[in-house]
Every structure is written in structure tokens, then in C-alpha cells.
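Peer 1: all I have is the shape, not the residue letters:
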């Protein structure tokens, strides 16, 4: 894979060097003589105005479009991390590239079709909706670099080019290796993606496609054994590699490849009220593997001394639709979806008398019919989506959204969803060399009724969510002992209600800014199977100024993060999942970062002292009951955009 990536980058480099820019700012391949090239260079020098930044477009399959942003803001500080997005509501583990504990339940998404599971390993796994497509007037590249814990680095290199105004290619690779500060804690990952976009000159035919190849590997130490020693942190145990951990020989690996093509064809090019035919195809294969050299009795008895659990997943998806677009009455479409998946092992589990106790696979096909209607009126946009299976599985989805923009200062959004979805596949079937980690269940569908609203104003941004959850699925440790883990899936037969309100506002005065985000959550849950902190807050005080005769723009300040104490879910590396526990609370500790960021032309430089208060406020900080949060560390990095 690495050699393939190098070859592709060399190909694009040679390709870009062979381009000249036409009058529209797009590249043309030149096969002319040296005299012609000389005239082309002269033409380029005569072009004084660069294409405006809003011509560098970025869009999704849902046609949500933004443009390249090379500014430096407090939001860029929040997004300068491995996931390249604001992670408010996610609590990272000690080493970069491990997993995250979810503080904000609103971030938990659910689909009608069951996923593979192993959700604790998917935070850095790029799903279909995470892939972006591009249209640029000149070749564009983006380079991300950030230091990590101890040895290693985190790099994300991206390049996109329009060979023609209607044909775009992009290639990118995100790589990580971080040793970490604890025993058996190395993180290593690679996310390769390649995209292409094309449309005919009359825009009757539009195509977007991508390929991803991803692998996420983590050494799994199971957390530290004695939290008392960590909380005192007296020498020599202030050196984290001296702390005893549960596992010295365990490793997990999530690996997957995906190919997607999404295209549409408009029947009549001259009539705006015309039929539109759409098709999307998606094929993905991935597996999750847990290896351990010697079985550990923390997971109980085992069938063999060497542990090698490999779960495989194969998914084919087709969606065919026909739509009708009108300027006056909106857009209406009908579609049929076909999902075929195979979740499997290469073994069977038998009971004492030779009967099959746990099968080797789950195979299924789900076919659904649906419709979508979108209506536009001045500043109003309304959308209704209906989907229901026509095969034996009883799954359905209803989504209604309403967006109203009163003016530039006020915008209102509302969304309702009623979801009836199948359980994730690792809830239903799992096999392991550990005796207690083998099951085959027949759970009921999960049901979710969810209301969301958003108010965007110049005074305050406000978001709210109210969810009613029925037949909620979760993992729990039946031993009720952190030292012994017998984690199994369960279903809550009672109704759970979840309510959340998030308020945010960036207040600016002179050269200072105060950015505040406050999340309040409340769960009505008699069985205590869904646990969240009641309060999560992030507050940033920063100063911005141009220096060196405005050649550089700097921004410096502090970021304060805090969440209230609660029974946070613990992490089980064997399953790659978080599970419910009621033995130990975490939270109630401040996390304060100091940063100095600078922008020079298209380069943004970041320097941060993370959790610099760790020694001053006490060593009681955890990401999960046995997993400490990060100690004080100084990290730096850069994001640099290049324009051809």
C-alpha cells in the first residue's frame, strides 16, 4: 500500500508540472514544443489576478457545499487534531490514535442497517459521509503535521486537481505512529483515499466516486492495574512506563477497503422540469482482529493459550432512484435500496454434546422502498424522507427537517426522526478463544424517536435534542468487578429518555475573544444503562493580533475543558467496545491548555501546552476508569495549503 501511494504521488507531481493554466484558471495538459511552453509561461505571468478562494469548492454526496478556508480562528484550534474536526463531547485516551470516550450522547449515530460493530475502534475510520469531493480552478494541496506522544508523528497529505473544468481527482493519505507513554500502547494507522468527480458540460450526467483503504492498529494494555499509584504519582511512578498494566502482549487491528460510485442522469437537458435517474453502489470489506500471545485470566477461561479473534464483514449496497425536479413545487424522488451483508467467522462453537452453540455467520438481504420530497420557498427549505423494508426484516426510517433563514442574523432548524433499526452485528454474534465471549442472540429492533432543534443568531447559538429510546442495546460486565471482565450484550426493555441543550457563543471585544460552549444533559433511565455527565463545558479566552507589519497573524490563549463526575463507560479492548460500569466515577477535573498559533500566508502554525495544570490540580484525571487521561505535554504542528 505504501509503495502504491508513493507512486501515485509521484505521478501527480509529474502531472502537475506538465500543466499550464488557461484563461479560466484550470489546468491544461501541454504537449507543445519548448517555444510553445515559453509562450505559455509568458501568458501565465500576464495573469495577475489569482482565482478567488470561493472557487475552491468542497462538497458532499448530499451536495452540501463549502469552500476552502485558509483563515486562522479559534475553530481551527479546535479542529487541529487527528480527526480534523471539533471533538467537543469526545474525551481522548492517553495516546494519540487510540479511542475516545463519548461525553455527548448526541454524537452517537444510528442507521437502519446494522453495522459491523466494534464502535470503539471506528472514531478514526472514514465512513461514506466523511469523504469529500472537490472542484478547484488550480491544483490544491493540504499538508497536516502534528507531533505525538513520545516517538512518531501524525501526517495528513492531500492533493486535488481539475484536469478539466468538469473532471477532478484527489488523493490523500493520513498516517499516524505514536509510541505513547505507557507500556504496550503503540498506535499506528493509515487512511488512504482517492476520489474523482465528473459532470458533462450540460450537467445532465454527474458522477462522484471514491476508494478508501484503511487500517487502525493499537497495542492494547487494558489500562493501569493500580490507580492509587497513579494518583500519587511519586517518583519513579511519575514516569508512566513504570506503571503496571493489565496486558503486555495484546494488539487490535481494524482494516477495511471500500469502493463507492454515485451518479445521476437528467433525462431532458433543456427542460428544468425533468426526470432524474440516480444510482449509488457501495462495496466494503473489513475485519477486526484481536491477538494476544498468552491468554489472560482477566477475560476468564480460554480454549487455547494463544488468542486470535478475527471477525469479518462484507457489505454490498445498491440504491436506484428516479426523481422529478420542478422550480415551483420542489423535488420529489422514489428509490429502492438493496443491502446485502455477510458477517462471519471461520469456525463453529459446539456445546458439550456436540450441538452447534454459536454459528459461524450472519447473512442477510434487506430491500427497502422509500421516497424523498424537498420544498423550497424564499428562505424556507423543508424535507421529508420515508423508508421502509419490503423484505422480512421490520426496519423503517422517517425523517422530517425544516430550515428557515429569517435574515443574516437568524436561522432556525428543526428535525424529527423515527427509527426502527436492527442491532449491530456484534451484539447478535461473536466468537472468541475466551470461553465467556461466545454468543448468538436474537435481540429485538432498537427504536428511536428523536426531536432536534437549532437556533443560530448573532446573540447565541442554541441546540437541543430530546430522544425516546426503546429496546436499547448495551454491553455490561456481569462480574461487576473491574479486575475481572466478562462483558456481554444486553437489551433494556424499559424506555429511556434523553434530553440535551447546548449553547455556544464567541464574544469578541477589541483584540480579545471569549468562546464558550456549554452542554447540559439529562437521562431518565431506571436501569442506569445509559450514563452521561450532566454538564460538559469548554471555555476559551484568546488574543488576536497582526505582527511584523501584518506579515503574520497570531492568536494565543487558554482553553478550559471540564465535565462533571459520572459513571463513565469503561473500555474492553477484546471487543473494541465500551461497556456500562457502576464501580468507579470519573470526571470533575479541569483540563487547561495554553496555545500560540500563527498564520503566515497559507501556513498555519500551532503550538500547544496540553493539560499544563495536570501536576497542580491532582492526578485524578481519567478517560475511562482504568485509563488515565493525558499528562502535561507540549505539541506543535502545521497546516499548509499550496496553490499551483
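Peer 2: Yes, it's here. Just so we're clear, the structure is a prediction, and the values are computed from it rather than from any experiment. Numbering: from 1, shown residues only.

Peer 1: C-alpha from now on. contacts and neighbour counts both.
Peer 2: Fine.

Peer 1: where in the chain is pLDDT low?
Peer 2: Judged by pLDDT under 70, the chain has its weakly predicted residues at 1-48.

Peer 1: residue 100 versus the residue most central in space within it, what's the distance?
Peer 2: The centroid of the chain falls nearest to residue 123 when counting by CA atoms, centre = their mean (5.1 Å). Going from residue 123 to residue 100 by CA to CA, to the nearest Å gives 7 Å.

Peer 1: cool, and residue 505?
Peer 2: As judged by CA to CA, residue 505 and residue 100 stand 25 Å apart.

Peer 1: also residue 192?
Peer 2: Here the criterion is CA to CA. By it, residue 192 lies 22 Å from residue 100.

Peer 1: again with residue 395
Peer 2: Separation of residue 395 from residue 100 (CA to CA): 30 Å.

Peer 1: residue 218 too?
Peer 2: Distance of residue 218 to residue 100, given as CA to CA: 13 Å.

Peer 1: and if you look at residue 160?
Peer 2: Between residue 160 and residue 100 the distance is 30 Å, computed by CA to CA.

Peer 1: now do the strands in the stretch 301-450 of the chain.
Peer 2: For the stretch 301-450 of the chain, the strands defined by DSSP state E, counting those that start in this stretch cover 307-326, 330-344, 349-350, 356-358, 361-377, 380-389, 396-405, 410-421, 429-430, 439-440, 446-457.

Peer 1: the third one - contacts with which helices or strands?
Peer 2: Using 3 or more CA pairs under 8 Å, 6 or more residues apart in numbering; DSSP states H and E as the contact definition, the elements that strand 349-350 packs against are strand 356-358.

Peer 1: before we move on, back to that, deepest-packed of the strands of the stretch 301-450 of the chain, please.
Peer 2: Comparing the strands of the stretch 301-450 of the chain by mean neighbour count (mean count of other CA atoms under 10 Å), strand 429-430 comes out on top with a mean of 24.

Peer 1: relative to that one, what are the paired strands and their orientations?
Peer 2: Strand pairing for strand 429-430, determined by DSSP bridges: strand 439-440 (antiparallel).

Peer 1: who touches the partner strand?
Peer 2: Strand 439-440 has contacts (CA atoms under 8 Å, 6 or more residues apart in numbering) with 357-359, 428-431.

Peer 1: could I get these as a markdown table with distance to residue 284?
Peer 2: As requested, those are exported to a markdown table (distance: CA to CA, whole Å):
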| residue | distance to residue 284 |
| --- | --- |
| 357 | 29 |
| 358 | 25 |
| 359 | 23 |
| 428 | 20 |
| 429 | 20 |
| 430 | 20 |
| 431 | 22 |
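
Peer 1: let's have the strands of the stretch 301-450 of the chain in JSON lines, adding distance to residue 620.
Peer 2: Output for the strands of the stretch 301-450 of the chain, formatted as JSON lines (distance: least, CA to CA, whole Å):
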{"stretch": "strand 307-326", "distance to residue 620": "33"}
{"stretch": "strand 330-344", "distance to residue 620": "41"}
{"stretch": "strand 349-350", "distance to residue 620": "43"}
{"stretch": "strand 356-358", "distance to residue 620": "42"}
{"stretch": "strand 361-377", "distance to residue 620": "43"}
{"stretch": "strand 380-389", "distance to residue 620": "47"}
{"stretch": "strand 396-405", "distance to residue 620": "43"}
{"stretch": "strand 410-421", "distance to residue 620": "39"}
{"stretch": "strand 429-430", "distance to residue 620": "35"}
{"stretch": "strand 439-440", "distance to residue 620": "36"}
{"stretch": "strand 446-457", "distance to residue 620": "35"}
